[in-house]
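**Student:** sequence and predicted structure are below.
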Amino acid sequence: MNNNHMFSFSGRLRSLNHASLGILLMLRDQHNAWVHAAATAGVLVAGIICGLSPAEWALLVMGITLVWVAEALNTAFEYLCDVASPEFHPLVKKSKDVAAGAVLLSALGAVLIGLLVFGPRLAHDFGRLF
């Protein structure tokens, strides 16, 4: 087996370091990542306050993860597009728009999950007020 493909603990630590740097770059360069971070924090706090079931937590974690993965892939795609075509190109614009659309779709899906999880509680609590 080629030594370049052998498992090593130090190699895994380097990979973890690279991935962590990628997340930090995304947070630094993408303003929407801060919106996702605020939404994530709000959902987690609301989930704790509501005392969600494990199944409800699983749904929320899947939605949150989907948004973060879409944002990370969109960010990586934007970096690659900027290197491949530093000047404006209509096809690069289209590809960036499609990638951004993927983030929007994932965010809308996460909002739907949030409504399905929190909606009945909110409706119940709202009904008690009136």
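**Tutor:** Arrived safely. Because the structure is predicted, anything quoted here is derived from the model rather than measured.

**Student:** may I see the buried residues of the lengthiest helix in the chain?
**Tutor:** Longest helix in the chain, counting residues (DSSP state H): helix 90-129. For helix 90-129, a neighbour-count test (16 or more other C-beta atoms under 10 Å) marks 92, 95, 99-100, 103, 106-107, 110, 113-114, 117-118 as buried. The C-beta positions use only the backbone N, C-alpha and C, and glycine is treated the same way.

**Student:** please list all residues in contact with Ser85.
**Tutor:** The contact partners of Ser85, taken as C-beta atoms under 8 Å, 6 or more residues apart in numbering, are Val92.

**Student:** look up how far Ala70 lies from it.
**Tutor:** 22 Å (C-beta to C-beta, to the nearest Å).

**Student:** how about the buried residues of helix 90-129 in CSV, adding pLDDT and distance to Arg28?
**Tutor:** Output for the buried residues of helix 90-129, formatted as CSV (pLDDT from 0 to 100; distance: C-beta to C-beta, whole Å):
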residue, pLDDT, distance to Arg28
Val92, 95, 22
Ser95, 96, 23
Ala99, 97, 19
Ala100, 96, 18
Val103, 97, 17
Ser106, 98, 21
Ala107, 97, 20
Ala110, 98, 23
Ile113, 98, 28
Gly114, 97, 27
Val117, 96, 31
Phe118, 96, 31
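
**Student:** need the max-distance pair from these.
**Tutor:** Using C-beta to C-beta, the two most remote members of those are Val92 and Phe118, lying 38.7 Å apart.

**Student:** helix or strand: which one has the residue nearest the centre of the chain?
**Tutor:** In the chain, the residue lying closest to the centroid (C-alpha atoms, centre = their mean) is Trp68, at 0.9 Å. Assigned by DSSP states H and E, Trp68 belongs to helix 54-84.

**Student:** alright, calling it a day.
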